[in-house]
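A.B. asks: Show me how the following folds:
(one chain, ligands or ions: 1)
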Amino acid sequence: MPTTMPIPRPSHKKKEGAQTDLFRAQMLAWYDTHARVLPWRVSPSAGPCFTANPYHVWLSEVMLQQTTVQAVIPYFGKFVDKWPSVHDLAMASSEEVMTAWAGLGYYARARNLHKCAQVVSRENKGKFPNTLEELKKLPGVGDYTAAAIAAIAFDLPATVIDGNVDRVISRYFAVTDPLPGSKPEIRALAAGLAEGRTDRPGDFAQSMMDLGATVCIPKNPRCDLCPVRDGCAGRAQGIAAELPAKAPKKARPQRWGLIYWITNPAGDAVLLERRPDTGMLGGMVGLPTTEWADRPVIKGRKKPDIMDYVTDRYPGLERVRDNPGAIRHTFTHFDLDLIGVVGKAKKGFVAEPGQFWHPLAELSEIGFPTVFKKFVNLCILK
Ligand code: SF4
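C.D. replies: Numbering: from 1, shown residues only. The predicted structure follows:
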């Protein structure tokens, strides 16, 4: 009988003492010449007396949650132009903030952003707190965002772990257990490199993010350009590109519904609604839709006539043209298919509470979430 030999576990012990010193020195030297230029940052060449504006760091970090740097840059510029300080943002109306945020997604972030600005402006005289504990008490500021603000804006030795840092740590230490189960291990390893270290904590945190974004990239890491390649266990074992391992994804659920493009009797305005503050796309302006159900809306009908599904809800509606098409949108937790319905309100048409007519000529003023923008474009272009 052949014996089963245990597979040796790759070595990824916490780097101690001199090794940590070397790792940090290599990362900081690399950052001095390779830091990404980003509008919310202070360049490392500015010197130790210059730290980033906490308002800018906080704003960018909230925007960067689940969103790419490239997508965030124009929004960041728009926000700081419109609201140069946290007091200005606090004084804006929630409609203005939601409109400026439209298209960036994850709209609960915008509601919390506004609440947080009001708390900092009102209760803290516009100053962001400079401890992790106090930062975490702010609306919408979780462990990651608090650590990023503490490190980048206040140069505190906080452990900052985003997706880029997950990847660098998994590879450097050859962590082969899959995410998300390996998160505590990754966190402990990252903390071993950061905690208690007062030599440029903010720059070190940003160097880790930048290495993951530009060198230790998801596919085909560019190890030849990496400042810490000599100590990298993932590279030495030839498994870097396979890390971080990920648990198999569950199939994304599907939802279905109808979306309406309803014009007024004069044909110069379209029916919109402000969505309730809680729930998906809360507080945003959109087109009316049915509920997003977990089964197809028109399944099982031989010759489905979509208008049959509409007239119950809007009796005073006249068909204008056939189905203009459907749209598909992917949210974090589900895919959504919405079948479009185009109609024109007859005299006596009754809009529902929360719905209003908006002039077609001023449609560009509305900051639609992407899912609605797709259908608006479909209707305008047809
Ligand atoms: S050597 Fe390669 S795998 Fe290791 S940290 Fe650098 S880029 Fe990533």
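
A.B. asks: of all of the stretch 51-200 of the chain, which residue lies closest to the ligand?
C.D. replies: residue 171 (3.8 Å; C-beta to the nearest ligand atom). Any C-beta I mention is one placed from the backbone N, CA and C, and that applies to glycine too.

A.B. asks: so what's that residue up against?
C.D. replies: Going by C-beta atoms under 8 Å, 6 or more residues apart in numbering, residue 171 touches 216, 221, 232, 233, 234, 235, 240, 243, 244.

A.B. asks: what about the strands in this protein?
C.D. replies: Assigned by DSSP state E, the chain shows strands spanning 254-263, 269-274, 285-286, 317-319, 326-330, 335-345, 355-359.

A.B. asks: How about the residue of the stretch 51-200 of the chain closest to the ligand: what's its closest non-neighbour residue?
C.D. replies: The shortest distance from residue 171 to any non-neighbouring residue, by C-beta to C-beta, 6 or more residues apart in numbering, is to residue 234 (3.6 Å).

A.B. asks: likewise residue 291?
C.D. replies: Counting by C-beta to C-beta, 6+ apart, residue 291 lies nearest to residue 257, which is 6.4 Å off, once chain neighbours are set aside.

A.B. asks: how far away is the one you found from the ligand?
C.D. replies: Counting by C-beta to the nearest ligand atom, to the nearest Å, the gap from residue 257 to the ligand is 43 Å.

A.B. asks: Give me the pLDDT for that residue.
C.D. replies: Reported pLDDT at residue 257 in the predicted model: 89.

A.B. asks: Next, count neighbours for it.
C.D. replies: Around residue 257 there are 15 other residues, counting by other C-beta atoms under 10 Å.

A.B. asks: hey, what's it bridged with?
C.D. replies: residue 338 (DSSP bridges).

A.B. asks: Could I get the average pLDDT for the helix ranked longest in the chain?
C.D. replies: In the chain, assigned by DSSP state H, the helix with the most residues is helix 17-34. The predicted model assigns helix 17-34 a mean pLDDT of 94.

A.B. asks: now it: how far from the chain's centre is it?
C.D. replies: Put simply, helix 17-34 sits 29 Å off its chain's centre (C-alpha atoms, centre = their mean, to the nearest Å).

A.B. asks: List the contacts of the closest residue to residue 349 other than its chain neighbours.
C.D. replies: Nearest residue to residue 349, sequence neighbours excluded (C-beta to C-beta, 6+ apart): residue 316, at 3.5 Å. Contacts for residue 316 were tallied using C-beta under 8 Å, 6+ apart; they are 345, 346, 347, 348, 349, 350.

A.B. asks: tell me the phi and psi of the fourth one?
C.D. replies: Per-residue torsions, residue 348: phi 90, psi 0 (degrees, to the nearest 10).

A.B. asks: if I look at the residue nearest to it when sequence neighbours are not counted, how far off is residue 353?
C.D. replies: Spatial nearest neighbour of residue 348, excluding adjacent residues (C-beta to C-beta, 6+ apart): residue 316 at 5.0 Å. Taking C-beta to C-beta, to the nearest Å as the measure, residue 316 and residue 353 are separated by 16 Å.

A.B. asks: same question, residue 313
C.D. replies: Counting by C-beta to C-beta, the separation of residue 313 from residue 353 is 13 Å.

A.B. asks: Return the residues of this protein in contact with the ligand.
C.D. replies: 168, 171-172, 215-216, 221, 223, 226, 228-229, 232, 234-235, 240 (C-beta under 6 Å from any ligand atom).

A.B. asks: okay, the residues you listed in TSV with pLDDT next?
C.D. replies: Listed next are the residues of the chain next to the ligand as TSV, based on pLDDT from 0 to 100:
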residue	pLDDT
168	98
171	98
172	98
215	98
216	98
221	98
223	98
226	98
228	98
229	97
232	97
234	97
235	97
240	97
